[in-house]
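**Student:** Task: produce atomic coordinates for the following.
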Amino acid sequence: MVDACPYLIKPLTELHAREILTWRYPHPYSFYDPPYDDRGDHYVRQFLKPELQFHSVVDRSDQFVGFCSFGIDGQVPGGDYSASALDIGLGMRPDLTGLGLGRAFVGAILGHARQAMSPEIFRLTVADFNQRAMVLYRQMGFVRSDSFIEPVQRTSYSILLRSTWI
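**Tutor:** As a prediction, this is how the structure comes out:
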């Protein structure tokens, strides 16, 4: 049987971490732009910390298309993360967003997490204004379990859960 998934997940490289720092999204998604300042090396070191489990998402021709993280990096200050679940953070290269690639992209990330970590529940924390992502995640079986306001930027977030076996 041939694997039809167009994406592979592998450990994040320094080159990919540096590329992420150049990404700029159109409004309102510019909210997700990485910091643009002289602390680039600091952020690259953060991306490469093993405990944050950052990974590159590449296509079948090894082109870098996005990233994901597993664990605490997927949590946002102010949320209740006391229930057991695998937190996932992710980002797709800006020029690839809005093109209908999200289902395969997120599916590859979830498949990798299921195989490598065997969690019972996946958890995503999403800014409420990001309706494009919310629609995708609902279509993929995630349900809203909680909401909160992040205390620094005062942004509203939802916590979404999904069984790993859907």
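
**Student:** Helix or strand with the lowest mean pLDDT in this structure?
**Tutor:** Sorting the helices and strands of the chain by mean pLDDT, DSSP states H and E puts helix 40-47 at the bottom, at a mean of 88.

**Student:** ok, longest helix in this structure?
**Tutor:** Criterion DSSP state H: the longest helix present in the chain is helix 102-117.

**Student:** who are the neighbours of that helix, in terms of helices and strands?
**Tutor:** strand 7-11, strand 54-59, strand 64-70, strand 86-92, helix 131-139 (3 or more CB pairs under 8 Å, 6 or more residues apart in numbering; DSSP states H and E). C-betas here are computed from N, CA, C, even on glycine.

**Student:** 6 Å instead, please
**Tutor:** When contacts are defined as 3 or more CB pairs under 6 Å, 6 or more residues apart in numbering; DSSP states H and E, helix 102-117 sits against strand 86-92.

**Student:** Identify the neighbouring strands of the strand it packs on in the sheet and state each direction.
**Tutor:** strand 64-70 (antiparallel), strand 121-127 (parallel) (DSSP bridges).

**Student:** hang on, the earlier thing: and the least confident helix or strand of the chain, which residues are buried?
**Tutor:** Across helix 40-47, burial judged by 16 or more other CB atoms under 10 Å covers 43-44, 47.

**Student:** where does the chain dip in pLDDT?
**Tutor:** Residue ranges of the chain with pLDDT under 70: 1-3, 36-39, 166.

**Student:** 50 - rerun?
**Tutor:** Counting by pLDDT under 50, the chain shows low-confidence ranges at 1-2.

**Student:** still on that earlier bit, what's the longest helix of the chain in contact with?
**Tutor:** Contact with helix 102-117 is made by 5-7, 9, 68, 70, 86, 90, 92, 136, 164, as judged by CB atoms under 6 Å, 6 or more residues apart in numbering.

**Student:** 7 Å - rerun?
**Tutor:** 5-7, 9, 57, 66, 68, 70, 86, 88, 90, 92, 119, 122, 136, 140, 164 (CB atoms under 7 Å, 6 or more residues apart in numbering).

**Student:** could the strands paired with strand 86-92 go into JSON lines alongside distance to His112 and mean neighbour count?
**Tutor:** Shown next, in JSON lines, are these (distance: least, CB to CB, whole Å; neighbours: other CB atoms under 10 Å):
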{"stretch": "strand 64-70", "distance to His112": "8", "mean neighbour count": "22"}
{"stretch": "strand 121-127", "distance to His112": "11", "mean neighbour count": "21"}
